[in-house]
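Enquirer: The following comprises the amino acid sequence and a computationally predicted model.
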Amino acid sequence: MDSQDFQDPGTYQTLEKVVGRLLGPGGCPWDREQTHQSLKRNLLEECYEFMEAIDSGNPKHMVEELGDILLQVAFHIQLAQEGGRFGPQEVFTSINEKLIRRHPHIFGDAEAHTTEEVKANWEDIKQRERGDSSSRLSSIPRDLPALAYAQLLQDRASLAGFDWDNLQGVLQKVDEEARELEEAESQEERESEMGDILFSLVNMGRWMSIQMEDSLRHSNHRFSRRFTDMESLCKERSIDFADLSLDEKEALWQEAKKRVD
């Protein structure tokens, strides 16, 4: 296989050929050592990098990161194909059949006129596919970040009717959990109650249509930008940040907010 085989780079078929060459006889030594297990972290990292690209609003960055995710998909398919387990046809058949099956309001006779109805239908179909003995929560990946996992738990429970009647009930629950944290006496109790507060805050965000994982990530980025700018201001002014009073640090923080936001 020579460079003439890769003259059309704008197709998935070319990506398959490239990956096949990398993993094939005489291919890249590092690539040929990879397994599904060894590539798990790579896929996760590429997904997070794509999330950053979305937040940046940079189309070129998004194109690059989506390509990296596709590379991981192609690698896993090629590894499975070489092991005789499955190939691209099984993967594409599975997702196409699933999409058609879970959108009966589009491809069948069912009706769903709102987002809520669509989500409820989707979960009902998933539940039937899993079997009546399976929990609605069983398919949520446990390796998700804790905030995202909590929000999915609450989404699934809500679709089964386990939810507050209104936002006021959610807010009261947050207040209740805060009081219980204040009353906690042991470290174990404080850790448990802090978890309950976070869980309740996630629920509050869900009621406000806020993706809490994204919300906290954006806050982390804002804090990082502002604090880094504070450090830069101190260097420019030959000031030792640690020697500043709390009021001086607060004033510097407000200055940094105006500069970087």
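Expert: That came in fine, so what should we check first?

Enquirer: Touching, Lys249 and Phe241? I think so.
Expert: Yes. The pair Lys249 and Phe241 qualifies as a contact (CB atoms under 8 Å) at a distance of 7.5 Å. (C-beta placed from N, C-alpha, C; glycine too.)

Enquirer: shared neighbours of these two, anything?
Expert: Applying CB atoms under 8 Å, 6 or more residues apart in numbering, one finds that Lys249 and Phe241 are jointly contacted by Met230.

Enquirer: Name the SS class of Ile140, please.
Expert: Three-state call for Ile140 (DSSP: H, G, I helix; E, B strand; the rest coil): coil.

Enquirer: The residue lying closest to it once chain neighbours are set aside and Asn203: what is the separation?
Expert: Spatial nearest neighbour of Ile140, excluding adjacent residues (CB to CB, 6 or more residues apart in numbering): Leu152 at 4.9 Å. Leu152 sits 12 Å away from Asn203 when distances are taken as CB to CB, to the nearest Å.

Enquirer: tell me the contacts of Arg206?
Expert: With CB under 8 Å, 6+ apart as the criterion, the residues that contact Arg206 are 151, 154-155, 158, 212.

Enquirer: that older thread, more neighbours: which of Leu152 and Asn203?
Expert: A side-by-side neighbour count of Leu152 and Asn203, using other CB atoms under 10 Å, places Asn203 first with 25 against 18.

Enquirer: Which helix or strand contains the residue nearest to Ile140?
Expert: Assignment of secondary structure by DSSP states H and E places Leu152 within helix 146-159.

Enquirer: Report the buried residues of the helix or strand just after that helix.
Expert: Helices and strands here follow DSSP H and E; after helix 146-159, the next one along the chain is helix 167-183. By 16 or more other CB atoms under 10 Å, the buried positions in helix 167-183 come out as 170, 173, 177-178, 180-181.
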